[in-house]
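[1] need coordinates for the below:
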Amino acid sequence: MTMTSVNNGEPYYLKADISKAGESTVSINNYIKMRVFDNGKVLPVKWFDQNVVMNVNGMIPFIEGSVGQFSTDDNNNIVMAPDAVHRDWQGTAANTRDGGWADYILTDQMFTEEGAFSGFIGLMDGNGRRLTSINIWFRVLGDNLFFGLTQKYYSDKIEKFIKQMQAKANDTFRDIDAQNKAAIQKLNDDYTAKTQEAQDAQDALTKATSNLNSFGAAVETMDAQIKGQALATKPDLEQAKSDITKIVEDKTANLEKVAKANFSTVASLDQLKKDHATGADGYWITLDTKHLYIWSGNDWTDLGTAGIGDGTVPGKSIKDKSINNTQIGTISAAKVFNTYSDIIKAEKWGIGGTELYVEGDNAVIQLLSGNGDRGITFPVNFNGYNWGWKNLYIDFNYYFTKANDNYVSVYVLREDNTLINKELWNGSKTSDFVHICIPAAFIQNNSLSQNFKVLVVCHGGPSTFDVEHFRVSDDSNNSLLPDKFKDLDLLTVKNGFNLAEAQGWNLTQGSDYFYADSTEAIFKTGDASSNKGIVLKAHITPGVTNYVQVQYGIVSAAQYGIAAFLSNGRNLNDGVFAQFGAVETNTGIHTLTYELTPAEMIRLGINDECTLTIGGNVNALILKSATISTTRNGAGVLEAINNDDTSKKVIYGSSIHLLNSANSKSIDGLKLVTPGEKYDQDNGRLDHITLYAKEKGSTSIYIGKLDQNNLLVDYKQYALNYSAGYNEFDFLSQDIPVNNGDYVFIDCSNLGVYQPDSSHPLANTTRVQDAHHIIQGQYSGNTFYSGDFLAPFEYSVVPATSAQLAKSLNNDITTTSEKVDTIKKQVKQVAVLTSPSGKKFRISVDDNGTLSATSTIPSNVQVFGNSLTGYYKTGSPALGATDPNHDWFHYFSEYVKNINPSAVVDRHTVAPWEQNATGRDVQFDQLFKPYLSQDTNLVVLQVGDNVNRDDSHATFKNDVMDLFKRVKEVSPKAKIYFVGIWFCNWPDMIDSVKAACDKYDGTFISITDLAKSEENKSRIGEQVTLSDGSTTTISTDGEAIHPGNAGYKKIADRLIDSLDF
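    Next comes the predicted model:
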């Protein structure tokens, strides 16, 4: 590792080469001498690898070391004093740029001691992994040293520094400080004691009166008395106080039993009065009305609706597994947000004459007269992880009553109300939903603490300004939660049944078999002469209709078949019961549904628990699922959020639980197998597969249709790796479509199939594909046929979620857009004419209406790009390619020169144009214009990848349009091709490029999709040969995410396919 300082008459910078041996610690005293508490010095470092400029884009610079007194050892190495203070600093990706540059900011927090700073500087990736570093030291000169910090230092390591500084201060001021502390402490103790006494009294009064209906009536009476007079007199107030006090004393005298604060549930108020006519301890919730009752001495008093009140509950404050099924029904889901802010603590901000009202999830501010700025501040207390290294997101709804000249802005305030004068967002609509990002860079650059405030301000004349659902989180999708939760009734949670708790009914111990887990319950018997089956319990929701759904499979049944029953007892032999669904005698899988109405609950004597029994005279029964819900479709919380209809979940196949003891069935040329029927609904998704294998291996899933000849058609194939034994696979997150008419097959060449018997029941017939080959007219292939085989797997299909449907729609839109682009390309070909000798000419017209013809074969080609075009130096390959003959520019230029050997094809690096948020017109004059001329007839633009900041993105739309315009002004005959964008940080950048292409007859070549495949990228360790024959190695993640040889070849192919010559 070597490090040198470079000047040459310009400002100093440091050159660091990670591949060359050098000093272990480098003095940079000839460049920098910091004074105590100096702040903001920029230390520029240019990074090299074997004298080749590194690509440091996306990396994060850091500094770590100690500051204080020092000495040198015998080898002249720096040795820091034991009391030297540890310091560290980390930048962001914005501190690195093209050309190997990294800017290190030397803040005042790093120079709190006189002496020297000794440590190291380096680079890390986005995951905090250190990639390289260099040891450095320099002098820190003395100044008027004072105790304390200029600002809070947000690093855990600062605690050591604070303690040292406090110790020094205590040595100097111990006596004075002790006296002051004693005096101040006494004042604080006296004040705290008095305040606590007042607060305790106030809390007791508030608690005792909060739920008393008669208290509200008394207040209304008092309010009417006061309003009836022009001015309340002292006797009036004293009398009102006396009245309230008497009411409180009368009521609280009978509340001693409530002190235990236990909560119980009961079906209704009538049931409560019946069971506890003389009262009972604690709070009682009636399940029919969800009201809370207490015994007040002689009667049950209604305290109103039970559950969480108007205040919001931050999602992160709810402990895991702390809410059970019974409690969850009492929660208002619209109040559960993922937020680090509390709207209840909102405060008014701005001009006088403003009033603020906060209630529930709304904060309302009024300006009655005058004009000016007024707003609401919302305190934020971030208690999550990785503060300052990830974005925060603000979400809220707002509206104001008068729109004349009014608009809304959003700012950030420090905890002490100091305004950070940078507007995060503004809007002029009278109402809107707002989703704002606070970038991590904003937090770091402004040294924002974890406790801050968000200011939502309304500018203009008198109006009422209302903000609701305000929340701040580190979840970019948090804006979606309230809309999903708002109308969700959490009582739709599936109250039961838990298949793992199922039991056998009337089974003979020792001769009958029973098994149950969370996915299925099974029994089998050799004696089907008597009724046998499965029984399980579940909690229900009294007072409303509960919907029961059961899915089961049978192997064979006698004439009496199988049926399902609900009762209030343990099984059919205990209590009144109701049969539901038809008696089924056919083998296969069947679904039953039942509406358990409040009237039926009374008839059956069901209070809050019921029993499900399913059985009959049957040899084997497989219970696949059983649900009970207050919604007709049986949706639980997650399904309700996503609008999923789980009642349409379909399970295919027989139980594979005992396949390890089943006999294999030999089938010649066995290939594909399915245990199910075709899916008969729209927009399905593969949900789950359970598979049994004797040995570890791999296979494929096929999802497709069978034609009239039972041949597989219109299918898609997916790879599947499995282990020996039983395998569980969840596919819902993979979004694999199962369309109407589709079957799900698995290649069972190595898995085999099994012979069903009484111990291994078959729920439905199986379709297999083997060596049977047919030729039916023009159709031929291996056909499928049905047979009594046990497939080694079962699977389920569910309807697509709303999110999956949206994704599918977006894919359709993308496909349509690509087709439109193809049509646009074909339309542009109309402007190309072919001469009698076969030469092609492009027709154009100027502003005077004069037609001209230009040969489509270019003679002067100029290519402008970034590291993907050619990064290191002229003639060297694009970053990620193994040599100059394997980047896209090489393939493209070879194609042009094969057609026109005399053509000039040059490339130029223009990354600074991308990175600048302003002044891109100046960058054009410097980086583009010198290489363009009237003779230039083809221009390739490969830019946009380094637009990675909010400010550079904000101006990209206008500037890319201006770039096309300027190119055409200098080179009016040039055909423009735009290749991009590999690193597309904002999807709307593509729309901006397409708009420019449409206006200036350009052609857009999309490569964003190529960046999503690992096979198209380079890799760490790849050796690169430069144009001069020297070699280097891809050594960082930032380099490896660039295209590799395969990616560059595909980019070149797409560009060449788009050319019109």
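[2] going forward, measure contacts and count neighbours with C-alpha atoms only.
    OK.
[3] count of neighbours near L1010?
    Neighbour count for L1010, taken as other CA atoms under 10 Å: 19.
[4] and it, that one's in a strand?
    No. According to DSSP: H, G, I helix; E, B strand; the rest coil, L1010 belongs to no strand; its state is helix.
[5] all strands in the stretch 801-950 of the chain, in order from the N-terminus.
    Secondary structure of the stretch 801-950 of the chain (DSSP state E, counting those that start in this stretch): strands located at 832-834, 840-845, 851-855, 860-865, 904-909, 938-941.
[6] same thing with the stretch 501-650 of the chain?
    For the stretch 501-650 of the chain, the strands defined by DSSP E, counting those that start in this stretch cover 503-505, 513-516, 521-524, 532-539, 546-554, 557-567, 577-584, 588-596, 609-618, 620-629, 650-652.
[7] is it possible to get a markdown table of those strands that adds mean neighbour count?
    A markdown table is the format used below for the strands of the stretch 501-650 of the chain (neighbours: other CA atoms under 10 Å):
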| stretch | mean neighbour count |
| --- | --- |
| strand 503-505 | 22 |
| strand 513-516 | 18 |
| strand 521-524 | 24 |
| strand 532-539 | 23 |
| strand 546-554 | 22 |
| strand 557-567 | 20 |
| strand 577-584 | 16 |
| strand 588-596 | 18 |
| strand 609-618 | 24 |
| strand 620-629 | 25 |
| strand 650-652 | 22 |
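[8] which stretch in the ones you listed has the least confidence?
    Between these, the lowest average pLDDT goes to strand 557-567, which shows a mean of 73.
[9] give the rounded mean pLDDT of stretch 447-463.
    pLDDT averaged over stretch 447-463 gives 89.
[10] should've said stretch 910-925
    On average, stretch 910-925 scores 89.
[11] 54 is where my numbering starts, stick with that
    In the new numbering, first residue 54, that becomes stretch 963-978.
[12] quick one: end-to-end distance for that stretch.
    The first and last residues of stretch 963-978 sit 11 Å apart, counting by CA to CA, to the nearest Å.
[13] make CSV out of the strands of the stretch 554-703 of the chain and add distance to Y393.
    Listed next are the strands of the stretch 554-703 of the chain as CSV, based on distance: least, CA to CA, whole Å:
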stretch, distance to Y393
strand 556-558, 46
strand 566-569, 43
strand 574-577, 44
strand 585-592, 35
strand 599-607, 37
strand 610-620, 47
strand 630-637, 50
strand 641-649, 42
strand 662-671, 39
strand 673-682, 33
strand 703-705, 41
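[14] any idea which of those gets closest to S526?
    When the strands of the stretch 554-703 of the chain are compared by CA to CA, strand 673-682 sits nearest S526, at 32.4 Å.
[15] the closest one packs against which elements?
    strand 574-577, strand 585-592, strand 599-607 (3 or more CA pairs under 8 Å, 6 or more residues apart in numbering; DSSP states H and E).
[16] and the angle from that strand to strand 585-592?
    For strand 673-682 against strand 585-592, the angle by axes from the mean of the first three to the mean of the last three CA atoms, to 10 degrees is 20 degrees.
[17] and strand 673-682, how far out from the chain's middle?
    Per CA atoms, centre = their mean, to the nearest Å, the displacement of strand 673-682 from the mean C-alpha position of its chain is 34 Å.
[18] ditto for stretch 401-410
    In terms of CA atoms, centre = their mean, the centre of stretch 401-410 is set 36 Å apart from its chain centre.
[19] same thing with stretch 779-790?
    The chain centroid and the centroid of stretch 779-790 are separated by 20 Å under CA atoms, centre = their mean.
[20] can you tell me the distance between the two ends of that stretch?
    By CA to CA, the extent of stretch 779-790 from end to end equals 25 Å.
[21] check stretch 317-326 too.
    Stretch 317-326 end-to-end distance (CA to CA) = 14 Å.
[22] which parts of it are buried?
    Within stretch 317-326, the residues that count as buried by 16 or more other CA atoms under 10 Å are T318, V319, A320, S321, L322, L325.
[23] contact partners for the second one?
    Meaning V319. Each residue near V319 by CA atoms under 8 Å, 6 or more residues apart in numbering is listed here: L325, W337, I338, T339, L340.
[24] could you report the pLDDT at it?
    80.
[25] and for the one 5 residues further on?
    At Q324 the predicted local confidence, pLDDT, stands at 88.
[26] what does V433 give?
    pLDDT for V433: 93.
[27] now swap in L843 and tell me
    L843 is assigned a pLDDT of 91 by the prediction.
[28] helices of the stretch 1004-1114 of the chain, start to end?
    1009-1023, 1041-1052, 1090-1093, 1098-1111 (DSSP state H, counting those that start in this stretch).
[29] nearest to A493, out of those?
    Closest approach to A493 among the helices of the stretch 1004-1114 of the chain is made by helix 1090-1093 (19.6 Å; CA to CA).
[30] which residues are contacting that closest one?
    With CA under 8 Å, 6+ apart as the test, helix 1090-1093 has contacts from 108-112, 178, 932-933, 1070-1073, 1087.
[31] related to what we said a few turns ago, now distance to V850 and mean neighbour count too, for the strands of the stretch 854-1003 of the chain, in a markdown table please.
    Converted to a markdown table, these look like this (distance: least, CA to CA, whole Å; neighbours: other CA atoms under 10 Å):
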| stretch | distance to V850 | mean neighbour count |
| --- | --- | --- |
| strand 885-887 | 52 | 16 |
| strand 893-898 | 55 | 16 |
| strand 904-908 | 58 | 14 |
| strand 913-918 | 48 | 22 |
| strand 957-962 | 52 | 18 |
| strand 991-994 | 47 | 22 |
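[32] redo the ones you listed as TSV? Include distance to D1106.
    Formatted as TSV, the strands of the stretch 854-1003 of the chain follow (distance: least, CA to CA, whole Å):
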stretch	distance to D1106
strand 885-887	21
strand 893-898	21
strand 904-908	22
strand 913-918	16
strand 957-962	17
strand 991-994	14
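[33] which of these sits closest to G118?
    Proximity to G118, assessed across the strands of the stretch 854-1003 of the chain by CA to CA, is greatest for strand 957-962 (36.7 Å).
[34] which neighbouring elements make contact with the helix or strand harbouring H825?
    Under the criterion of DSSP states H and E, H825 resides in strand 819-829. Here strand 819-829 touches strand 725-727, strand 832-840, going by 3+ CA pairs under 8 Å, 6+ apart.
[35] ok, 10 Å please
    strand 725-727, strand 796-800, strand 832-840 (3 or more CA pairs under 10 Å, 6 or more residues apart in numbering; DSSP states H and E).
[36] output the below-cut-off pLDDT ranges for the stretch 904-1053 of the chain.
    By pLDDT under 70, the low-scoring segments of the stretch 904-1053 of the chain are 924-928.
[37] before I go, just wanted to say thanks for your time.
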